[in-house]
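# Okay, predicted coordinates and the sequence, questions at the end:
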Amino acid sequence: MATYNILVVDDSVFMRKIVSDLISENPQYKVIGTAKNGQEAIEQVKLLRPDAVTMDVEMPVMNGLDALHHIMAEQPTPVIMLSSLTQEGAAETIKALEWGAVDFIRKPSGSISLDLYKVKLLLHEKLHMAVRTKMNAIPTSQAHSQIPKTNAFSLPVMNAKETVRQPESKAPVMQASANFNHVVAIGTSTGGPRALHQVISNIPAGFPAPILIVQHMPPNFTKSLAQRLNDISQIRVVEAADGDVLHTATAYVAPGGWHMVVYKDTNRTYKIRLTKDEPVSGHRPSVDVMFDSLRSMTELKRHVVLMTGMGSDGAKGMLSLRQSGATTTIAEAEETCVVYGMPRAAVENQAAMHVLPQQDIAVRLSKCVLNEMN
């Protein structure tokens with residue numbers, strides 16, 4: 001059995017001990033070093049070349065986000081962030097995932113044995129994925145930057161070497177409408193926040209369809225994800241609420257812990273329903289559940305996307321949608337996935353009409369929707 005080397009980074013001696021002990025309970029993993037701040041973490045990554053790193057966020061000398069920034073640029077290594085459940089902690093975690101962290105877990109409390117047991121199982125699951133992740137360098141000039149904006153309905157081809165910036169304000173958007181003929185649905189998991197950053201920030205202002213998003217993520221974090229996407233996008237992005245009326249130029253992120261489905265009310269208005277039905281394939285929200293709710297809505301031109309993530313959630317739903325006449329089905333290409341699981345399942349079951357790298361997905365969606373309207 002292969003052994004993978006892990007570096008543990010936390011400013012607390014107590015927390016370093018807890019995390020190291022949890023990791024070491026699985027014989028596949030060996031803690032080869034620890035660091036008490038971000039600067040030490042950078043040095044230890046270069047010296048020890050670990051297979052994965054667990055990284056705290058708040059630390060003296062250099063925090064975890066700045067350390068992640070340097071590691072991704074200088075010695076790309078899979079990093080799992082240890083996050084607090086506070087709103088601030090959730091927001092920092094979303095940034096870390098955008099900047100290259102492969103995943104996160106909440107910090108163990110160290111006080112309840114059941115809590116530690118759950119954290120241990122999650123930590124081993126995340127490490128299993130992380131040590132098998134292929135990492136690409138993120139230039140330091142881009143790690144803190146934003147994706148360039150497009151004007152309404154303009155579709156420039158992105159160049160990876162272009163200088164990127166964040167606009168001072170959102171571009172003006174057309175009046176959002178509850179009348180539409182198109183709907184976009186996106187499912188993603190591990191690596192999703194960064195993928196969504198790339199895709200949603202390049203959807204043009206006034207986009208003439210609502211966008212539904214399921215990202216496998218716990219409660220609280222999905223709210224921060226929606227806020228972050230709203231800040232860097234030309235369309236409006238919100239965490240979905242039960243009863244929301246779907247509008248164009250708006251993206252709806254399923255809240256953690258809830259399934260999100262679409263239905264038509266008696267006035268034939270499309271709305272969101274949130275449910276606490278049992279998890280599907282271990283997930284709530286589930287991509288398959290969201291996709292399945294669109295299957296009977298053949299009056300709409302449905303555009304469906306599966307991006308990076310473990311497992312196969314969404315592949316069956318995408319196939320069903322394709323068989324029911326969906327206009328566009330897209331699986332993210334392996335070359336840009338953090339984990340080529342969900343898209344692979346969609347390709348293998350022949351649900352995907354198109355296999356595209358992450359940077360091409362927004363362009364294809366925009367062209368498909370706008371061309372269908374002309």
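Received it, and whenever you're ready, just let me know what you need.
# what's the average pLDDT for stretch 196-207?
Stretch 196-207 comes out with an average pLDDT of 95.
# Report the distance from that stretch to the chain centre.
Offset of stretch 196-207 from its chain centre (CA atoms, centre = their mean, to the nearest Å): 14 Å.
# same check, this time on stretch 216-232
9 Å.
# I'd like the mean pLDDT over that stretch, please.
93.
# pLDDT weak spots in the stretch 1-150 of the chain?
The model of the stretch 1-150 of the chain has pLDDT under 70 over residues 1, 85-87, 109-114, 136-150.
# What ranges does it have for its strands?
4-9, 29-35, 52-56, 79-83, 103-106 (DSSP state E, counting those that start in this stretch).
# ok, the shortest one: who's next to it in the sheet?
Using DSSP bridges, the strands paired with strand 103-106 are strand 79-83 (parallel).
# In stretch 47-54, which residues are buried?
48, 50-54 (16 or more other CB atoms under 10 Å). For glycine as for every other residue, the C-beta is placed from the backbone atoms N, C-alpha and C.
# Test my guess that residue 304 contacts residue 290.
No. With contact defined as CB atoms under 8 Å, residue 304 does not count as touching residue 290 (9.6 Å).
# Between those two, which has more neighbouring residues?
residue 304 (30 against 26; other CB atoms under 10 Å).
# Could you give the bridge partners of that one?
Applying DSSP bridges, one finds that residue 304 bridges with residue 185, residue 329.
# list the contacts for it?
184-186, 291, 294, 318, 321-322, 326, 328-330 (CB atoms under 8 Å, 6 or more residues apart in numbering).
# and which of those is nearest to residue 276?
Residue 276 lies nearest to residue 291 out of these, by CB to CB, at 19.0 Å.
# Leaving out chain neighbours, which residue sits closest to that closest one?
residue 317 (2.8 Å; CB to CB, 6 or more residues apart in numbering).
# before we move on, back to that, what touches both of residue 304 and residue 290?
residue 185.
# low-scoring stretches of the stretch 201-350 of the chain, by residue?
For the stretch 201-350 of the chain (pLDDT under 70), the answer is none.
# ranges for the strands of it?
So, for the stretch 201-350 of the chain - with DSSP E, counting those that start in this stretch - the strands run 211-215, 236-239, 250-253, 259-264, 270-275, 301-306, 328-332.
# would you list these in a markdown table and tack on distance to residue 23?
As requested, those are exported to a markdown table (distance: least, CB to CB, whole Å):
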| stretch | distance to residue 23 |
| --- | --- |
| strand 211-215 | 26 |
| strand 236-239 | 33 |
| strand 250-253 | 31 |
| strand 259-264 | 33 |
| strand 270-275 | 36 |
| strand 301-306 | 31 |
| strand 328-332 | 30 |
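# Tell me which of these approaches residue 180 most closely.
Between these, strand 270-275 lies closest to residue 180; by CB to CB that is 8.1 Å.
# relative to strand 259-264, how tilted is the closest one?
150 degrees (axes from the mean of the first three to the mean of the last three CA atoms, to 10 degrees).
# which residues of the stretch 101-250 of the chain fall in helices?
Under the criterion DSSP state H, counting those that start in this stretch, the stretch 101-250 of the chain contains helices at 113-130, 140-143, 192-200, 221-231.
# Can you say which of the ones you listed is packed in most?
Mean neighbour count, computed with mean count of other CB atoms under 10 Å, is highest for helix 192-200 among the helices of the stretch 101-250 of the chain, reaching a mean of 25.
# hmm, back to that, and the two most separated of the buried residues of stretch 47-54?
Most distant of those, by CB to CB, are 48 and 54, 13.6 Å apart.
# can you put the buried residues of stretch 47-54 in a markdown table and add distance to residue 21?
Formatted as a markdown table, the buried residues of stretch 47-54 follow (distance: CB to CB, whole Å):
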| residue | distance to residue 21 |
| --- | --- |
| 48 | 19 |
| 50 | 17 |
| 51 | 19 |
| 52 | 17 |
| 53 | 17 |
| 54 | 12 |
